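*Asks:* I would like to see how this sequence folds:
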Amino acid sequence: VHNEPNQTSNAALPAPRFAFAWASAVYALCTLSLAYPALSGKFLVSTHSDQYIAGYAFRDFAARTLRDTGHFPLWNPYLFGGLPYVAAMHGDIFYPTFLLRMIMPTDAAMTWGFAIHLFLAGIFAFGFFRIIGYGFYASLIGGIAYMMGGQLASLVSPGHDGKLFVSALFPLALWMLYAGFRQGKKWAWGVFALTIGLAVLSPHPQLLQYMLLTCGAYSLYLAFSQVDGNKLARDTSLRRLGAAFATVLIGAAIGAIQYLPVRAYVPWSPRAGGLPSYDVATSYAWPVEELLNTYLPQFSGMLDAYWGQNRIHLHSEYIGAVVLMLMGAAFIKLRRDRSKGHLYFWICALVIALLWALGGHTPFYHIPYALVPGTKFFRAPATIFFVGAFAISLLACAGVEKILARQVAQKYFVGWAAVAAAIALLASVGGLTGIAQSIGNDAQYDRILANSSHVIAGAWRSFVFVALTSALAIVFLRGRIDAKKFAVGLAAIAAIDLWTIMRLYWIFSAPASQLFATDMLINAIKKQPQPTRVLSLALAKPRDPFLGGDALMVHDVRQVLGYHGNQLGRYNTFLGADEEYKQLVNPNAWKLLNIQYVLADVPDLGFIANIERIAGPERNAAGTDEYLFRLPGESPYAWVAPVMMKAPDALTLPTVLDSRFDVTRVALFDTSSKVQAVSDVKELPPALPIRATVTHYEAGRADLELSAPAPQGSALLVSENYYPGWKATVDGKPAKTDRADYTLVGVELPAGAKKISLTFDSPEYHTGKAITLAAIVAALVILTVGALAERRTVA
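*Replies:* Numbering: from 1, shown residues only. From the prediction side, this is the model:
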């Protein structure tokens, strides 16, 4: 949907015919200038991307499950002993990008998901700028500034698709708010509800929070301020505020399919209590000195050349030299600007976003940390600056309008060129490197020095674009070219300026079929007749997805560890995660967790007693020489314990990890369990000679058969993490299932039991699914009824 602007542009430069189509073509060209390798089947992923380490495995698992079974997976058995797939969150499970994975390979779908949302960011920003009154060319440049700036376009480098999704939806939400509040478009509330729902499903709760806070503030501004000289009647304001609030609730309900399971999971999550401290919450904030990156992106080093305070820096803060010039022009004669109310609002939004992004580098962050719900659960406050980037893009729109209206003097551009030249000269004589060295520490000295040539080249690059923009503007202001040629040239220079930096972050690789190809060692593990779990260790080469990530999941190999971050907190405690997973060398942990193999990138694991190397070296798809080892002893997927007892966690954990304790002789259930445990055992009975064989295994389901009938009072222990939702039947009848041996699934067995079936389900998922579908219908009804009402009014 698109609306004509509600006021005459400051510059008498009419929009072209089919303006929205022309803008779409420009944004498509900008997108393809970065994404064109995807046309030849390349995968938008690099070795430092989250998508390389984990994201591809997450999404491919869901895509395969959905194609094969017709439903989403609810249990992920392949990482950290097993975890609920929906509740623990595995990326954009229900976001519409999952549909792309139904019609094309997962890697291609992920690549085009990024590209499509970059395009949408531009077109939605353009639509918003137009509806609030800016001309076609100013809005076109504003959209370029938003979509091609570092806050959005560089997010592909770390693989942060959820951030890009929310950032792209943000201007659409603002667009609908303006249409609903100021133009009385009832259909806009339906689109707004769907937009919020999509943002909830992204799912990136941190950026969702920032989006909702900004939309809330903007709603209050639209409701009660004089926007372009007009103020709504009080009853109208309150009625439309009510509509906005109601549609936010509908949008939130659209996300119920994801967040009802997440809510139930919170007590089980390692993040249940929030982040441990203010220092952790302010980690990955924006260091003050790195503000210079908005003009000179090479200052703190790009990608691997980064030397700054944060441990890694895979994105770019580059706003654009040209965009900054245009933004500055917006402040000229600001008090006489007819849109000054809007500009003041977004200037305030920019200041707040900047202070928030700086995190612990200023005292300001104590305010949201203390007052804003949810803030204590998030780190990386710098991620809020997509709001600041949008504000800058809007100010750039205003700046273009003022230049087109000839309200900006030539000396403004001469001044910019002089400052840009001074910065370039300062860089050339080592001044900026000296400043960096005065900021950095001794450990950063060599990296700063190595980066100096990039700083010099970058400073002159920025100067060139400032000079080109200044020359073009001066030629226009002197009447040498007309306004249309100036605007087109300005859009091209702004886009090329941003492209020269952002292209470095769009790193493509071979298709996933090559990146995650199988090898001899993986095939050897998969040939095992019974389910087994593998401990993969990256001891020599970091960021190998097969050893330090989730690539084994692509091949349906169950891992002891992996890369996730929201695995079951109880599992972390069991393995001693806070003490560098010290229990990984404990034979009792091997038995309980079904660990039979170790996959490592070194030929000798002397720190593990009696381990046997059985294969290797074998070069994997990541180029690492791997070795496969077998651990001593038996570690079956399931076993029958002759007796059940109850004990509190404080006693159970040290007991099951004690090397003197035989885990096969008793099943220790929690004291809250309803199993019929005994309490007067003086001596544990011997282990049973009964073998439990898996006859069918898939994610969230296991069928087992016992080699002999189970005795009365026995229990089956299964090497899957327990989480509410596991159900069992024994010989076709329901059986009590609960948590045993601190973290495993335990099933009470009646006398004579032979066949056991385990399945995982999520009641919260099914309830959430029903709520989501109802909320989508409600939003569509609002949209349709509103559109029909407007059509009747027009008629």
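*Asks:* C-alpha only now, for contacts and for neighbours.
*Replies:* Will do.
*Asks:* any idea how this structure splits into domains?
*Replies:* 19-48+91-266+277-502, 516-630, 638-761 (automatic domain parsing).
*Asks:* deepest of those domains, which one?
*Replies:* Comparing those by mean neighbour count (mean count of other C-alpha atoms under 10 Å), domain 19-48+91-266+277-502 ranks first with a mean of 21.
*Asks:* chain center to that one: distance?
*Replies:* 17 Å (C-alpha atoms, centre = their mean, to the nearest Å).
*Asks:* that domain: end-to-end distance?
*Replies:* End-to-end span of domain 19-48+91-266+277-502 (C-alpha to C-alpha, to the nearest Å): 26 Å.
*Asks:* same thing with stretch 328-337?
*Replies:* Across stretch 328-337, first to last residue, C-alpha to C-alpha, it's 14 Å.
*Asks:* what's that stretch in contact with?
*Replies:* Lys340, Leu395, Ala396, Cys397, Ala398, Gly399, Val400, Lys402, Ile403, Gln407, Val408 (C-alpha atoms under 8 Å, 6 or more residues apart in numbering).
*Asks:* could you look up the SS state of Thr695?
*Replies:* The three-state label given to Thr695 by DSSP: H, G, I helix; E, B strand; the rest coil is strand.
*Asks:* what stretches of the protein score poorly on pLDDT?
*Replies:* In the predicted model of the chain, residues 1-12, 794-795 satisfy pLDDT under 70.
*Asks:* which other helices and strands contact the host helix or strand of Lys484?
*Replies:* Assessed by DSSP states H and E, Lys484 sits inside helix 483-502. Judged by 3 or more C-alpha pairs under 8 Å, 6 or more residues apart in numbering; DSSP states H and E, helix 483-502 is in contact with helix 19-35, helix 136-148, helix 321-329, helix 452-477.
*Asks:* the helix or strand just after it packs against which elements?
*Replies:* Per DSSP H and E, the first helix or strand lying C-terminal to helix 483-502 is helix 512-515. Helices and strands touching helix 512-515, by 3+ C-alpha pairs under 8 Å, 6+ apart: there are none.
*Asks:* flag every buried residue along helix 512-515.
*Replies:* For helix 512-515, a neighbour-count test (16 or more other C-alpha atoms under 10 Å) marks Ala512, Leu515 as buried.
*Asks:* right, and the domains of the chain - which one's nearest Asn76?
*Replies:* Proximity to Asn76, assessed across the domains of the chain by C-alpha to C-alpha, is greatest for domain 638-761 (6.2 Å).
*Asks:* show me where the stretch 501-650 of the chain has helices.
*Replies:* Ranges of helices within the stretch 501-650 of the chain are 512-515, 520-526, 551-554, 569-575, 587-592, 649-656, based on DSSP state H, counting those that start in this stretch.
*Asks:* how would you label the residue nearest the centre of the chain: helix, strand or coil?
*Replies:* Nearest to the mean C-alpha position of the chain, by C-alpha atoms, centre = their mean, lies Gly162 at 3.9 Å. Following three-state DSSP, Gly162 is assigned to helix.
*Asks:* do you know how far it is from Leu152?
*Replies:* 11 Å.
*Asks:* got CSV for the helices of the stretch 501-650 of the chain, with distance to Val745 too?
*Replies:* Shown next, in CSV, are the helices of the stretch 501-650 of the chain (distance: least, C-alpha to C-alpha, whole Å):
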stretch, distance to Val745
helix 512-515, 34
helix 520-526, 23
helix 551-554, 21
helix 569-575, 12
helix 587-592, 11
helix 649-656, 14
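*Asks:* what about those helices, which gets the closest to Gly55?
*Replies:* helix 551-554 (9.5 Å).
*Asks:* so the helix holding Lys484 versus helix 452-477, what angle?
*Replies:* Compare the direction of helix 483-502 with that of helix 452-477 by axes from the mean of the first three to the mean of the last three C-alpha atoms, to 10 degrees and you get 170 degrees.
*Asks:* list the contacts of helix 483-502.
*Replies:* The contact list for helix 483-502 (C-alpha under 8 Å, 6+ apart) reads 13, 30, 33-34, 137-138, 140-141, 144-145, 148-150, 153-154, 297, 318-323, 404, 462, 465, 468-469, 472-473, 476.
*Asks:* quick one, it and helix 136-148 angle?
*Replies:* Helix 483-502 and helix 136-148 meet at an angle of 0 degrees, taking the same axes, to 10 degrees as the criterion.
*Asks:* buried residues, the top helix by length along the chain. List them.
*Replies:* Counting residues, the longest helix in the chain under DSSP state H turns out to be helix 763-794. Within helix 763-794, the residues scored as buried using 16+ other C-alpha under 10 Å are 764-765, 768-769, 771-773, 775-780, 782-784, 786-787.
*Asks:* swap in stretch 82-89?
*Replies:* Neighbour counts over stretch 82-89 (16+ other C-alpha under 10 Å) mark Gly82, Leu83, Pro84, Tyr85, Val86, Ala87, Ala88, Met89 as buried.
*Asks:* what's the closest of the residues you listed to Ser635?
*Replies:* Nearest member of these to Ser635, counting by C-alpha to C-alpha, is Gly82, at 16.5 Å.
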